[in-house]
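Participant: need the 3D shape of this:
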Amino acid sequence: MISYYKTINGRIRRIEQVEDGCWIDVVNPDEKEINFLISNFSIEPDFIRASLDEDETSRIECEDGITLIIIDTPVSEVSENGIDYFTMPLGILVTDGHVITISLRENSIITEFAEGVVKNVQTNLKTQFVLYIMLRVATRFLQHLKQIDKISIQLEKQLRKSMKNKELIQLLDLQKSLVYFSTSLKSDETTIEKMMRGRYIKMYEDDQDILEDVLIEIKQAVEMSNIYLNVLSGTMDAFASVISNNLNIVMKILASITIVISIPNIIAGFYGMNVSGLPFSQFFWFPVVLSVVLMAGVGYLLYKKDMF
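Facilitator: From the prediction side, this is the model:
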């Protein structure tokens, strides 16, 4: 699907056809739409394929006057086990007259621009518009990282008194998300540092300030993801040991109970033998009393040994 947007009276609004200075948003294009982009904007087919590749890493390159910027963006989805966090590449093409964004699926960050949530953005100022998209991406990374931290804290509290694997599996999913985020953020950081050299996109003084803000946000996100990943890894190791220890405690208690309740069976088996001369066999109540006394004694010893 191809949509066209342009800043009109200070707000981004949708338009029906291509105009100078407009922004073109492309989501999961079919062959006809891809051919339209290639023929009308002289875009390299490899640029489009790279933007639609889920495994493409962040990078920047320029060819025939068209600059391709691929940046990894954070994505969250609600699933059966909670919220899944992962990354998705967003292709940004800067031509002589337009900015073109290409993605394989709907992107919440791009949707915010299309719906006018982001204010004071001019689509005709191409470099500045691209930088505002990247700044929004960096901010979204920080938001998702804070959400992951809150979820992990809640799971830690549940794990303190849990003997199940459910919470541990959820922590494992969060750890996987942090690995995705950390890898993508480092790639984005490299791309932004290349942009700061000014060889790919022409920048003015205001643009340089925005790009520096983007780099600061990305560096902060990289540090946060590394810290959260290390903490989460240590937490998972610790609570895996806690769960194992809780299970050992339960087994210890069950073993102690088994020992205590086996005493009457032993005594009943002893006095149930069909032989004469058993001590105190003339007293029918003696086996019962002996069982109670031995159970109490053994139970007390096990209690003193902290087996209960």
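Participant: now do the helices in the protein.
Facilitator: Taking DSSP state H as the criterion, the chain contains helices spanning 31-41, 45-51, 108-114, 126-159, 166-196, 205-271, 286-304.
Participant: low-confidence ranges, the protein, go.
Facilitator: Across the chain, the stretches falling below the confidence threshold (pLDDT under 70) are 81, 160-165, 198, 240, 271, 274-275, 277-278, 280-284, 302, 305-308.
Participant: go through stretch 67-77 and flag the buried ones.
Facilitator: When neighbours are counted by 16 or more other Cβ atoms under 10 Å, the buried residues of stretch 67-77 are found to be Thr67, Leu68, Ile69, Ile70, Ile71, Asp72, Thr73, Pro74, Val75, Ser76. No exception for glycine: its C-beta is placed from N, CA and C like everyone else's.
Participant: err, stretch 39-51, not the other one
Facilitator: In terms of neighbour count (16+ other Cβ under 10 Å), stretch 39-51 has its buried residues at Phe41, Ile43, Phe47, Ile48, Ala50, Ser51.
Participant: quick one: the last one from Glu61, how far?
Facilitator: Spelled out, that is Ser51. To Glu61, Ser51 is 12 Å away according to Cβ to Cβ, to the nearest Å.
Participant: find the residues that touch each one of the two.
Facilitator: Contact with both Ser51 and Glu61 is made by residues Leu68, according to Cβ atoms under 8 Å, 6 or more residues apart in numbering.
Participant: before we move on, the earlier item: what's the closest of the buried residues of stretch 39-51 to Tyr132?
Facilitator: Nearest to Tyr132 among the buried residues of stretch 39-51: Ser51, at 18.9 Å, using Cβ to Cβ.
Participant: pull the most distant pair out of the buried residues of stretch 39-51.
Facilitator: Based on Cβ to Cβ, the longest span within the buried residues of stretch 39-51 runs between Phe41 and Ala50 and measures 15.6 Å.
Participant: next, format the helices of the chain as JSON lines and append distance to Lys6.
Facilitator: Supplementary listing: the helices of the chain in JSON lines, determined by distance: least, Cβ to Cβ, whole Å:
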{"stretch": "helix 31-41", "distance to Lys6": "16"}
{"stretch": "helix 45-51", "distance to Lys6": "22"}
{"stretch": "helix 108-114", "distance to Lys6": "11"}
{"stretch": "helix 126-159", "distance to Lys6": "11"}
{"stretch": "helix 166-196", "distance to Lys6": "24"}
{"stretch": "helix 205-271", "distance to Lys6": "20"}
{"stretch": "helix 286-304", "distance to Lys6": "80"}
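Participant: right, so of these, which gets closest to Ile8?
Facilitator: Taking Cβ to Cβ as the criterion, Ile8 comes closest to helix 108-114 out of these, the separation being 13.4 Å.
Participant: what comes up buried for the closest one?
Facilitator: Ile109, Ile110, Phe113, Ala114.
Participant: for the second one, what are its contacts?
Facilitator: If I follow you right, that is Ile110. If a contact means Cβ under 8 Å, 6+ apart, then Ile110 has Asp25, Leu90, Thr101, Ser103, Ile133 as its contacts.
Participant: roughly how far apart are it and Ile12?
Facilitator: Distance, Ile110 to Ile12, by Cβ to Cβ: 11 Å.
Participant: can you tell me the number of residues neighbouring the closest residue to Thr95 other than its chain neighbours?
Facilitator: Using Cβ to Cβ, 6 or more residues apart in numbering and skipping the chain neighbours, the partner closest in space to Thr95 is Ile66 (5.3 Å). For Ile66, the count of nearby residues is 17 (other Cβ atoms under 10 Å).
Participant: residues touching Ile66, list them.
Facilitator: With contacts taken as Cβ under 8 Å, 6+ apart, Ile66 has the following neighbours: Phe41, Ser42, Ile43, Glu44, Phe47, Leu93, Val94, Thr95.
Participant: so which of the helices of the chain is nearest Asp20?
Facilitator: Smallest distance to Asp20 across these (Cβ to Cβ): 11.1 Å, for helix 126-159.
Participant: how many neighbours does the residue nearest to Asn120 when sequence neighbours are not counted have?
Facilitator: The spatial neighbour of Asn120 that comes closest, neighbours along the chain excluded (Cβ to Cβ, 6+ apart), is Gly10 at 7.2 Å. One way to gauge burial is a neighbour count; for Gly10, by other Cβ under 10 Å, it gives 10.
Participant: before I go, just wanted to say thanks for your time.
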